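J.: A predicted structure for the sequence below; I have some questions about it.
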Amino acid sequence: MSDYSNQILIDRRGKDRVSKFKPAVMLLVPLAAILFQVYVPMFFKYLSYLELPVLVTVYFSLMKQNQIVGTLAGAAIGLAQDSLADHPLGMFGIVKTLVGYFASSLSLRFDVEHPGLRFLVGFCFFCFHELLYWMLTSALLGHEGGFAAVRTLLAGVLNAAVAVPLFALLDKLRERP
């Protein structure tokens with residue numbers, strides 16, 4: 001890549017851009033997202049399209065910029081969500097583990113502070129999550145049924161639109177140096 005394109009896409013500041021969070025934030029924010037995902041759609045069906053645990057996984061993986069941390073965060077959030085879901089344990093764990101790994105890998109190469117890039121990342125990772133979840137349920141559990149591409153794309157836009165202000169809100173919870 002040329003130096004010009006590196007200046008646009010890559011932040012060369014290195015380790016000083018790795019975000020730090022208080023342990024309570026790292027625990028309570030994913031817990032709130034999981035509880036939202038499980039209980040709020042019981043009362044408001046149209047909010048079932050929001051996948052806040054995925055967005056929280058993506059955010060913490062992007063901000064920590066460490067593939068191991070992103071993988072472990074995705075696994076923990078996914079397994080916690082699995083424990084409250086009505087399907088076999090591990091499905092969200094596997095999917096969110098991969099989402100966390102790939103999100104943290106992306107953050108090592110690109111500066112993910114720009115709202116436009118955050119929208120794109122939210123959209124892509126939501127669609128990746130849904131596609132991978134569908135593939136796993138088809139392959140491992142033998143569930144039949146096609147992939148709802150149009151519904152996934154529309155829900156992806158909704159989740160991406162929620163990701164931008166959610167990420168800005170979560171930015172305020174970072175520890176300042």
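T.: On my side now, so go ahead.
J.: Please enumerate the helices of the chain.
T.: Assigned by DSSP state H, the helices in the chain fall at 3-9, 23-43, 52-64, 67-84, 91-109, 115-141, 149-171.
J.: Please point out which parts of the fifth one sit buried.
T.: This means helix 91-109. 91-104, 106-107 (16 or more other C-beta atoms under 10 Å). C-betas here are computed from N, CA, C, even on glycine.
J.: tell me which of those is nearest to K172?
T.: Nearest to K172 among these, counting by C-beta to C-beta, is S107 at 18.8 Å.
J.: quick revisit: identify, out of the helices of the chain, the most deeply packed stretch.
T.: helix 52-64 (a mean of 27; mean count of other C-beta atoms under 10 Å).
J.: on that earlier part again, by mean pLDDT, show me the worst of the helices of the chain.
T.: Lowest mean pLDDT of these: helix 3-9, a mean of 46.
J.: How about the contacts made by the residue nearest to the spatial centre of the chain?
T.: When the chain is reduced to its mean C-alpha position, the closest residue under C-alpha atoms, centre = their mean turns out to be V58, at 2.8 Å. Counting by C-beta atoms under 8 Å, 6 or more residues apart in numbering, V58 makes contact with 99-100, 103, 121-122, 125, 163.
J.: quick revisit: with respect to V25, which of the buried residues of helix 91-109 is nearest?
T.: Proximity of the buried residues of helix 91-109 to V25 was ranked by C-beta to C-beta; the top entry is G100 with 16.6 Å.
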